[in-house]
Every structure is written in C-alpha cells, then in structure tokens.
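# return atomic coordinates for the entry below.
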Amino acid sequence: MKTFILLSVLAGLASAQSGSDRADPVIQSAEFFEHARTLRAGCDYAEAERWLRRAQNIVRHNHMRAGETDAAGNLAARIEIEIAGLHDLQKRLDREQQAITRLIDQKRWAQARQHLQQVGFPRCDSRFETLKQQIAAAQYRADHPPHCDACRKVAKLAIWSAIAGGVGYGGWQLYDRYGRQQTPGSVPRSSPR
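Okay, here's the model as predicted:
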C-alpha cells in the first residue's frame, strides 16, 4: 500500500513537472518576435509577418499567469507596431519602385538613379538590384540603338578584320606547309627539331 501511494505521489510530481516544462507563452512569443525581426532584416517580409502573427496569436489566446499580463500586453503592443511598420515599409517601397519605373519610362535615368539612392532600399531587397539593372539597360539601349551607324561600322570593321586575319593566317599556313620550296638541308616546321 505504501508503495502504491509513493508511486501515485511520484506520478503526480512527474505530471506537474511536465506541465511546468511547457514553454512560457510570453517567452515563446518574444522569441517568435525576435525571429521575425531577423527575417525582416533579411528582407523576407512575408515570412516575417507570418512569424509576427504567430507571436500575436500566442499572446492573445493563451492564459497568462499573474504578473505576466503587463509583459504580455507590452509585447502585444510591440507586435502590433512591428506589423504596422512592416506594412508601411512594404507600401513605401512599392510606391518608390513605381516612381522609379516611371522615371525610367520617361528616359530620365540620372533622376531615376539618384532617386534609387535616396530611397534607401535595403541592399538585401531584390527590387534594388532589379531597378539598378533596369536603369543601366534602358540607358544602354538609348545610347546604342539597333540602327546606330557608328556601332554598325565598328562591328563591320571588327568582323572583316577577323575574317581577313583568319584568311591571311590560313594562307600563310598553307604556304608554309605546301608551297615553300624544300631544300635538302631544311626541316619542315611541323616536325620536331
């Protein structure tokens, strides 16, 4: 009988211990919040918002112990502010991207390049590199249209030079191998000396 009581007390202690091992909702929510901030710094905005929503759900839908309600309320407010800031950032970057695209379409590349630098796109945001490449490509196309006479003349000169050089070199090789008079003491160039 004593053994049975001892086992039931130990089982009760084990279940109480396993119940307290579960993660504290405020701490777990704070960890999710920090992970979301790390994702935001890496420009993964959709994933950052997903982790912020998870943290928000934990804070809102879990029962808090006495003394944790103030911390949970503070954390919930910080999460709301972070979500609003994330949405504002995305909207601002989208508006700036549209403005720069309009400048590119209007062929105002210097202004587009300057505006791109002033906007302050995070370097990890793919839109920064994309817009930079679009500006460079549009300016190159304007500077080198397909019907550019100077470009065509340079290309023709380069092509004809390569053709003439190839024909000349091939002709010399043929002459060296088959056309030169062989003297009795001469060694053909193709054989090792």
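# list the buried ones in the longest helix along the chain?
Criterion DSSP state H: the longest helix present in the chain is helix 69-105. Neighbour-count burial for helix 69-105 flags 71-72, 75-76, 78-79, 82-83, 86, 93, 96-97, 100, 103-104 (criterion: 16 or more other CB atoms under 10 Å). Using the backbone N, CA and C atoms, a C-beta is placed for each residue, glycine as well.
# pull the distance from stretch 143-162 to the chain's centre.
Distance, stretch centre to chain centre, for stretch 143-162: 36 Å (CA atoms, centre = their mean, to the nearest Å).
# what is the mean pLDDT for that stretch?
On average, the pLDDT along stretch 143-162 is 77.
# okay, buried residues for it please.
By 16+ other CB under 10 Å, stretch 143-162 has no buried positions at all.
# that older thread, so how far is the longest helix of the chain off the chain centroid?
19 Å.
# what does stretch 38-56 rub up against?
The list of residues contacting stretch 38-56 from outside it, by CB atoms under 8 Å, 6 or more residues apart in numbering, reads 29-30, 32-33, 35-37, 75-76, 79-80, 82-83, 86, 89-90, 122, 124-126.
# still on that earlier bit, let me know the closest of the buried residues of helix 69-105 to residue 140.
residue 104 (12.3 Å; CB to CB).
# how close does the closest one get to residue 127?
For residue 104, the distance to residue 127 equals 13 Å [CB to CB, to the nearest Å].
# secondary structure class for residue 113?
Secondary structure, DSSP: H, G, I helix; E, B strand; the rest coil: residue 113 is helix.
# that one: neighbour count?
Neighbour count for residue 113, taken as other CB atoms under 10 Å: 18.
# and if you look at the one 5 residues further on?
Residue neighbour count, defined by other CB under 10 Å, stands at 9 for residue 118.
# ok, it to residue 77 distance?
From residue 118 to residue 77 the distance is 32 Å (CB to CB).
# isn't residue 59 up against residue 77?
No. Residue 59 is beyond contact range of residue 77, at 9.8 Å (criterion: CB atoms under 8 Å).
# any idea which helix or strand carries residue 158?
Assigned by DSSP states H and E, residue 158 belongs to helix 149-174.
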